[in-house]
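**Q** Kindly generate the corresponding structure for this input.
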Amino acid sequence: MLPEEVNQLVDPGYQAIETGYFRLPNGHMHVRALTRMPGCKGTMVDWWFGHMETADDYRMWEPGAHLSHEWDEHWSPGHYIGASHLVEERMGPQVLKVRIGFSDPAEYFDTSRFAAGNIGAVICGNATRPDGTPDGRVIHLLRDTDYGCEMRSRFWLYDVPDVAGQGVMAHCLTEMGNMADFLPGLYARKTSEAA
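**A** All right, here's what the predicted structure looks like:
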């Protein structure tokens, strides 16, 4: 799947490969991960990105790999689209720094199809290296279900070895699995405090 084909994710059902990694004809590494998230809804994941403020929040998400994170001046509580964060993560034996700029899903998707597809949220980002070199794209599409929601993550990595595909897939499954565990309780507590 190329980035311009992402509207396929709104279609009912699943793609032939939902979790895996492979090289695309254009040379980019494509990574897919499906995470089922009982008790969560897409709106909760969207809320998380708008309220993940501190480095401690970021480390809670994946204590074994998330080392630091810092938002730029465009982020404010509840608003992450148009903002970027610089993150430092352990990926296998390496520590990587990457800046992720978050975009409006309407730049990628026909959002008029979201309601019929039970799409609760879509997180879209462009990754760059600290020197500004484009590094890839990421989409996390949340489809609400009767048990909660499922996250269908897609990554396009521009200039990486094959082993990076496996590392990104494993990292995504771990961090999103962790999120599924802590997010329902955190969301309920924080939104009731704000009410």
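**Q** host element of Ile139?
**A** Element membership for Ile139 (DSSP states H and E) is strand 134-144.
**Q** ok, that strand: who's next to it in the sheet?
**A** Take DSSP bridges as the rule and strand 134-144 pairs in its sheet with strand 119-128 (antiparallel), strand 148-157 (antiparallel).
**Q** ok now the helix or strand just after the last one, how far from the chain's centre?
**A** Taking DSSP H and E as the definition, the helix or strand that follows strand 148-157 towards the C-terminus is helix 162-194. Put simply, helix 162-194 sits 9 Å off its chain's centre (CA atoms, centre = their mean, to the nearest Å).
**Q** With stretch 21-40 instead?
**A** With CA atoms, centre = their mean as the basis, stretch 21-40 stands 10 Å off its chain's centre.
**Q** So for that stretch, first residue to last residue, what's the gap.
**A** Taking CA to CA, to the nearest Å, stretch 21-40 runs 26 Å from one end to the other.
**Q** And the contacts of that stretch?
**A** Contacts of stretch 21-40 with the rest of the structure, by CB atoms under 8 Å, 6 or more residues apart in numbering, involve 1-2, 14-15, 17-20, 45, 136, 142, 145, 147-158, 160, 162, 164-166, 168-169, 172-173, 176-177, 179-180, 183-184. (Each C-beta comes from the backbone N, C-alpha and C, glycine too.)
**Q** Would you mind listing the buried residues in the strand holding Ile139?
**A** Under the neighbour-count criterion of 16 or more other CB atoms under 10 Å, strand 134-144 has 135-144 buried.
**Q** These: which two are farthest apart?
**A** Asp135 and Asp144 (30.4 Å; CB to CB).
**Q** are any of the contacts of stretch 21-40 buried, and which?
**A** For the contacts of stretch 21-40, buried by 16+ other CB under 10 Å: 45, 136, 142, 145, 148-157, 160, 164-165, 168-169, 172-173, 176, 179-180, 183-184.
**Q** hmm, back to that, who's in contact with the strand holding Ile139?
**A** By CB under 8 Å, 6+ apart, the residues outside strand 134-144 that reach it are 3, 6, 9-10, 28, 37, 41-42, 45-46, 98, 100, 108, 117-129, 149-160, 176.
**Q** Go again with 7 Å.
**A** By CB atoms under 7 Å, 6 or more residues apart in numbering, the surrounding residues in contact with strand 134-144 are 3, 6, 9, 41-42, 45, 98, 108, 117-129, 149-158.
**Q** Sketch out the low-pLDDT regions of this structure for me.
**A** Counting by pLDDT under 70, the chain has low-confidence residues at 195.
**Q** Give the bridge partners for the most centrally placed residue in the chain, please.
**A** In the chain, the centroid-proximal residue (CA atoms, centre = their mean) is His140; its distance is 4.3 Å. Applying DSSP bridges to His140 gives these bridge partners: Ile123, Ser153.
**Q** what does Gly136 give?
**A** According to DSSP bridges, the partner residues bridging Gly136 are Ala127, Leu157.
**Q** Nice, that's everything, thank you.
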